[in-house]
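# based on what follows, work out the 3D shape:
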Amino acid sequence: MGFSLPRLYAILDAAQTGDRSLTEVCEILLAAGVRLIQYRDKHSSSRQLYEAGCQIAEQVRRAGGLFIVNDRADVARAVGADGVHLGQGDLPVELARRSLEPGKLVGCSTHDLAQVREADQSSADYIAFGPIFPTESKAKPDAVVGLAGLREARQATRKPLVAIGGITLATAREVTEAGADSVAVIADLLKAADIGARAREFLRVLGGS
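Numbering: from 1, shown residues only. Below you'll find the model as predicted:
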């Protein structure tokens, strides 16, 4: 396949940036070498998502990275993002794609092998699978799939596979060894005392951007 994701998939979760603004954290990540950022905000209004998304999109564009909006294809299109990431409760992949400009990326979250196989048959550009480990980033997380589940998911699709859920610097390498093309991280990046240093460590462990 011609499409490949950066090894580190940083998720900029508005609920986990603490006393820092989204744009400040985004700038730190980009300066550290991160080149794939998803904006995730489960609580703001459409207008707030749009305004923050415009700012982040411009930051990521200047750095030459990829910018993905979580859940909302309409917001992704409005802010000129590179794509949208869909959960199981969001629009179906094909419907979301029709609402985006041609050539934009559509990723989707999966939590079991049946969902992976369904996503594999769709036009999704990449598939996220997890949670690999226990996670606190969701109020009602899905069942942990573990590294064994990740290996099974790897066998079920040739699309780029993103591992997500409770992944830390200490476990990132074993996750890629189990078959993930990219590693999505929220808490272990955003809650680090030095976000930039932690991001650089992830990039080093994962072998580049």
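# going by C-alpha atoms from here, please, whenever you check contacts or count neighbours.
Fine.
# max-length helix in the protein?
In the chain, taking DSSP state H as the definition, the longest helix is helix 46-63.
# give me the buried stretch members for that one, please.
Across helix 46-63, burial judged by 16 or more other C-alpha atoms under 10 Å covers 49-50, 52-54, 56-57, 59-61.
# any residues touching it, and which ones?
22-23, 26-27, 30, 35, 37, 39, 41, 66-67, 69, 75-76, 78-81 (C-alpha atoms under 8 Å, 6 or more residues apart in numbering).
# do the same with stretch 23-31
By C-alpha under 8 Å, 6+ apart, the list of residues contacting stretch 23-31 reads 12, 17, 37, 55-56, 59-60, 63, 190, 195-196, 199.
# check stretch 66-81 too.
If you take C-alpha under 8 Å, 6+ apart as the criterion, stretch 66-81 is touched by 35-41, 46, 49-50, 53-54, 56-57, 60-61, 82-87, 90, 96-97, 99-101.
# what residues sit buried inside it?
66-73, 75-77, 79-81.
# need the contact list for the closest residue in space to G64 that isn't next to it in sequence.
Distances taken as C-alpha to C-alpha, 6 or more residues apart in numbering place R35 nearest to G64, at 7.2 Å, with adjacent residues excluded. When contacts are counted by C-alpha under 8 Å, 6+ apart, R35 touches 6, 8, 60, 63-66, 209.
# quick one: low-confidence ranges for this structure?
1-2, 137-139, 208-209 (pLDDT under 70).
# which stretches in it count as strands?
Along the chain, the segments classed as strands by DSSP state E run 8-13, 36-40, 66-70, 83-86, 105-110, 126-129, 161-163, 182-185.
# can you measure across stretch 171-180, start residue to end residue?
Stretch 171-180 has its terminal residues 12 Å apart, counting by C-alpha to C-alpha, to the nearest Å.
# list the contacts of that stretch.
147-148, 150-151, 154, 160-163, 182-183, 202, 205-206.
# quick one: buried residues of that stretch?
172-173, 175-176, 178-180.
# and stretch 196-209, by the same measure?
Buried positions in stretch 196-209, judged by neighbour count with 16+ other C-alpha under 10 Å: 196, 198-200, 202-203, 205-206, 209.
# mind giving me a markdown table with these and columns for distance to T135?
Output for the buried residues of stretch 196-209, formatted as a markdown table (distance: C-alpha to C-alpha, whole Å):
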| residue | distance to T135 |
| --- | --- |
| G196 | 22 |
| R198 | 19 |
| A199 | 19 |
| R200 | 22 |
| F202 | 18 |
| L203 | 21 |
| V205 | 21 |
| L206 | 21 |
| S209 | 24 |
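# closest to Q115 out of the residues you listed?
Set against Q115, the nearest of the buried residues of stretch 196-209 by C-alpha to C-alpha is L206 (26.5 Å).
# give me every residue that touches that closest one.
7-8, 172-173, 176.
# what does G130 give?
Contacts for G130 were tallied using C-alpha under 8 Å, 6+ apart; they are 109-112, 142, 144-146, 150, 163-165.
# who wins on neighbours among those?
A163 (30 neighbours; other C-alpha atoms under 10 Å).
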